[in-house]
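Chemist: need the 3D shape of this:
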Amino acid sequence: MSTYLYELPTTGAISFGDFCVDATASNAYASHIAEATQARANLRGVLKATKRTDTDDKDYLRLIKVLDDYLPYLHGIMTCVGAGDIRLKSEPQFSWRTTLSAHLFHMSPRIALASLHADLASSLLTYAFALSNFARVTVASLGAYEHDRAISEIERKAKDEKLNFAVTMLCKASGIFTYISEKVLLDWDKAGEGASGRPPDLSKEVNAALAKMALADAQTLAIRKFLSKSAYDIAVSPGPPLPKSHPSIPLIFKFHLECVSLYSSARALAMTPGSARPSSPSSNADSNIEVCVDLRRYLTDATAFHTALAHKWLGVDAGESGAQEKGGEAVAWLQWAKKELEDMKEGGLGRAVGRDREKRGRKGRVADELESVDVFLKYYKKINDSLTFQPVPKQQDLQARIPAGILAVHAKPYTLPSPAFGPGSVEYARLQTEVLALEEDDSSGDEAVASSANPRTYAGAGSYF
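Modeler: Numbers count the residues shown, from 1 in each chain. The predicted model follows:
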C-alpha cells in the first residue's frame with residue numbers, strides 16, 4: 001500500500017507592505033517586510049509551477065526549502081504585530097485553494113481567509129502535504145527491493161535507510177498536522193476569528209485525522225523495513241516454515257493492529273465536518289463540506305487492509321507456535337484474512353484514487369497478500385487435518401482474542417522556526433545584548449566619575465599629629 005498522495009494548493013499574490021506599517025521610531029522593519037513579501041512570492045511561484053508539473057516530476061524538496069525560508073518571515077511579522085512594532089492598517093486577506101474538500105466536479109475552489117493565522121495554518125498544511133508527498137516519491141523510487149533475489153546485502157541496507165528517511169518525513173508531517181490542530185487553529189480562535197467559514201482543510205478534526213493518518217503511513221513503512229531481510233529470504237524460499245531471519249510475529253500483528261486503530265480513528269475524525277449543518281444562511285458552505293472521497297476511500301481501504309494483515313499474522317503466530325491446541329486457531333485466522341482480502345480484491349481496492357497505475361499497484365499488493373495467505377492456510381490446514389485435529393473457532397470467538405496494537409514509530413513534535421526578525425529572533429537578541437552591554441558600560445563610567453569626585457575618607461583624615 002503506497003501512502004496518500006495530496007493535491008497541493010495554490011495561493012494568490014499578496015504584498016505585506018499593503019497592510020503592514022513599521023511602528024518603530026527607526027523604521028527598523030521596513031526592509032524585513034519587503035523580504036517577507038518576496039519569500040511569499042517565491043512560495044506562490046513554486047506552488048504554481050508544481051501545479052503545472054506532472055506527478056512524477058514534481059519537485060517536493062524545492063517546495064519544502066521555500067517553505068523553510070518563508071515561515072520564519074511570517075513568524076517574524078506575527079511576533080512584531082503582537083509586540084506592537086508593526087501595525088496592521090487593515091485585516092489581511094489571504095486566498096488559498098482548498099484541496100481536501102469534496103466539491104461538485106472535483107474543483108478546488110479559491111477562498112479568502114482573513115488574519116495572519118490563516119496564512120500560517122495554510123502554509124503549514126502545505127508543508128505537511130509536501131513532506132508526505134516527498135516521502136511517497138522516495139518510497140516509489142525504491143521498488144519492491146526486498147523481494148529482489150539478486151540484491152546484495154549492502155544494496156538492501158542502503159534502501160532500508162532510504163525507507164527509514166521516508167518514515168522520518170511522515171513522522172515530521174504528523175507532528176505538523178498536530179501542531180496545526182492543537183496550536184495554530186487554537187491561537188486563531190483566541191485572536192477572535194471563529195471556525196465559521198473555514199474549509200474542512202483548516203478544521204481541528206481534519207488536521208487531527210491527518211496527523212493520525214501520517215503516523216499510520218509511517219508505521220506501515222516501518223513494518224516494511226522490519227520485514228525487509230526476512231522478505232528477501234522468503235522470496236528465495238516462499239511459504240512456511242518461516243526463515244530464522246524472520247522478526248517477532250507478535251510484534252508484526254500488533255504493529256498492524258495499531259495501524260488499524262490509527263486509520264479508523266482518522267476516518268471518524270475526517271467525517272466530523274460533514275456532519276455539521278450551517279448555523280445560519282450566511283455561513284460559508286465550505287465549512288460544512290465533507291473531506292474529498294479519495295481521502296475517505298484511502299482511510300477505509302487502509303483500515304481493511306491492515307485488519308486483514310493483522311489476522312494473517314495472528315494465524316501465522318498460532319501456526320508457528322508448535323502448540324497442538326493452536327492448529328484450529330491458525331486455520332480460523334487465515335480463513336478470516338483470506339475472506340477479507342478476497343472482498344477487497346472484488347470490491348476494487350483503491351478505485352477512488354483516480355489513476356490506473358495507483359489502482360493496479362494497490363490491487364497487486366492485495367493479490368500478493370492473498371497468495372501468501374493461501375500458502376500459509378493450505379500448510380496449516382493440512383497439518384490440522386492430518387495431525388492436530390483441532391476444532392476451527394468461529395469469528396466471534398477470535399474477536400475476543402485480538403490484543404491491543406503498539407506503535408513502532410512516534411510523531412516528531414513540531415515547533416515554529418525562530419522569527420527571521422523582531423522579538424524572538426537571533427538579530428533581536430543580539431541587539432538587546434548590545435544595548436545591555438552599553439548600559440552596563442555607561443553605569444560603570446558613572447561610578448568611576450563619582451568615585452574620583454568623592455574620594456574615600458579614612459579615620460583621622462585631615463588630622464595632623
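Chemist: what about the helices in the protein?
Modeler: 30-52, 60-83, 116-140, 153-179, 185-190, 204-226, 228-236, 249-270, 293-320, 327-347, 356-383, 395-399, 426-453 (DSSP state H).
Chemist: go through those helices and name the closest to Glu146.
Modeler: helix 228-236 (3.9 Å; C-beta to C-beta). For every residue, glycine as well, the C-beta is placed using N, CA and C.
Chemist: one step back: most neighbours per residue, which of the helices of the chain?
Modeler: helix 204-226 (a mean of 25; mean count of other C-beta atoms under 10 Å).
Chemist: what bridges to Arg87?
Modeler: Bridge pairing for Arg87 (DSSP bridges) gives the partners Val21.
Chemist: distance of it relative to Thr24?
Modeler: Counting by C-beta to C-beta, to the nearest Å, the gap from Arg87 to Thr24 is 10 Å.
Chemist: kindly report the same for Glu342.
Modeler: Distance from Glu342 to Thr24, by C-beta to C-beta: 69 Å.
Chemist: and the pLDDT at Gly84?
Modeler: Listed pLDDT for Gly84 reads 96.
Chemist: what's the burial count for it?
Modeler: 9 (other C-beta atoms under 10 Å).
Chemist: quick one: it and Val21 touch, right?
Modeler: No: the pair Gly84 / Val21 is not scored as a contact, 11.2 Å apart, by C-beta atoms under 8 Å.
Chemist: sorry, back to before: which one of the helices of the chain has the poorest average confidence?
Modeler: For the helices of the chain, the weakest mean pLDDT is recorded on helix 426-453, namely a mean of 69.
Chemist: now the residue lying closest to Arg267 once chain neighbours are set aside: how far from Cys292?
Modeler: Closest residue to Arg267 apart from its sequence neighbours, by C-beta to C-beta, 6 or more residues apart in numbering: Leu299 at 3.9 Å. For Leu299, the distance to Cys292 (C-beta to C-beta) stands at 11 Å.
Chemist: and what of Leu221?
Modeler: 23 Å.
Chemist: number of nearby residues for Ala400?
Modeler: Neighbours of Ala400 under the rule other C-beta under 10 Å: 7.
Chemist: ok, now which ones touch Ser95?
Modeler: Contact analysis of Ser95 by C-beta atoms under 8 Å, 6 or more residues apart in numbering lists 11-12, 14, 110-113.
Chemist: need the residues you listed in CSV (columns: pLDDT, distance to Ala337 and neighbour count).
Modeler: Shown next, in CSV, are the contacts of Ser95 (pLDDT from 0 to 100; distance: C-beta to C-beta, whole Å; neighbours: other C-beta atoms under 10 Å):
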residue, pLDDT, distance to Ala337, neighbour count
Thr11, 97, 45, 20
Gly12, 96, 49, 12
Ile14, 96, 53, 17
Arg110, 86, 45, 13
Ile111, 90, 44, 21
Ala112, 92, 49, 11
Leu113, 91, 46, 22
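Chemist: for these, which one is nearest Asp160?
Modeler: Distances from Asp160 to the contacts of Ser95, taken by C-beta to C-beta, are shortest for Thr11, at 37.3 Å.
Chemist: residues contacting the closest one?
Modeler: Contacts of Thr11 (C-beta under 8 Å, 6+ apart): 43-44, 47, 94-97, 122.
Chemist: hey, what's it bridged with?
Modeler: In beta-bridge terms (that is, DSSP bridges), Thr11 pairs with Trp96.
Chemist: measure it to Phe305 for me?
Modeler: 35 Å.
Chemist: repeat that for Arg44.
Modeler: Arg44 is 38 Å from Phe305, by C-beta to C-beta.
Chemist: how about Lys254?
Modeler: With distances taken as C-beta to C-beta, Lys254 is found 16 Å from Phe305.
Chemist: repeat for Ile33
Modeler: 50 Å.
Chemist: and for Ser108?
Modeler: Counting by C-beta to C-beta, the gap from Ser108 to Phe305 is 28 Å.
Chemist: what of Thr126?
Modeler: Counting by C-beta to C-beta - Thr126 and Phe305 are separated by 28 Å.
Chemist: could you do Lys225 as well?
Modeler: Lys225 is 18 Å from Phe305, by C-beta to C-beta.
Chemist: now do Leu142
Modeler: From Leu142 over to Phe305 (counting by C-beta to C-beta), the distance is 20 Å.
Chemist: ok, Thr55 next?
Modeler: 23 Å.
Chemist: what do you get for Ala158?
Modeler: 28 Å.
Chemist: ok, Gly239 next?
Modeler: Taken as C-beta to C-beta, the span from Gly239 to Phe305 is 21 Å.
Chemist: ok, now Leu163?
Modeler: Remark: distance between Leu163 and Phe305 (C-beta to C-beta) = 19 Å.
Chemist: which of the contacts of Ser95 lies closest to Asp187?
Modeler: Closest to Asp187, out of all of the contacts of Ser95 and judged by C-beta to C-beta, is Leu113, at 14.3 Å.
Chemist: pLDDT score assigned to the nearest residue to the closest one once chain neighbours are set aside?
Modeler: For Leu113, ignoring the flanking residues on the chain, the nearest one in space by C-beta to C-beta, 6+ apart is Phe94 at 5.2 Å. Per-residue pLDDT puts Phe94 at 96.
Chemist: near Phe94, how many other residues are there?
Modeler: Neighbour tally, Phe94, other C-beta under 10 Å: 21.
Chemist: got a list of what it touches?
Modeler: 11-12, 14, 112-114, 118-119, 122.
Chemist: contacts only, for the closest residue to Thr138 other than its chain neighbours.
Modeler: Nearest residue to Thr138 in three dimensions, chain neighbours excluded: Ala166, at 4.5 Å (C-beta to C-beta, 6+ apart). Applying C-beta under 8 Å, 6+ apart to Ala166 gives the contacts 135-136, 138-139, 221.
Chemist: for the residues you listed, give me TSV that also has distance to Lys51.
Modeler: Below are these laid out as TSV (distance: C-beta to C-beta, whole Å):
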residue	distance to Lys51
Ala135	20
Arg136	17
Thr138	21
Val139	23
Leu221	27
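Chemist: pick the one among these closest to Trp188.
Modeler: Ala135 (27.4 Å).
Chemist: ok, that closest one to Lys229 distance?
Modeler: Counting by C-beta to C-beta - Ala135 and Lys229 are separated by 22 Å.
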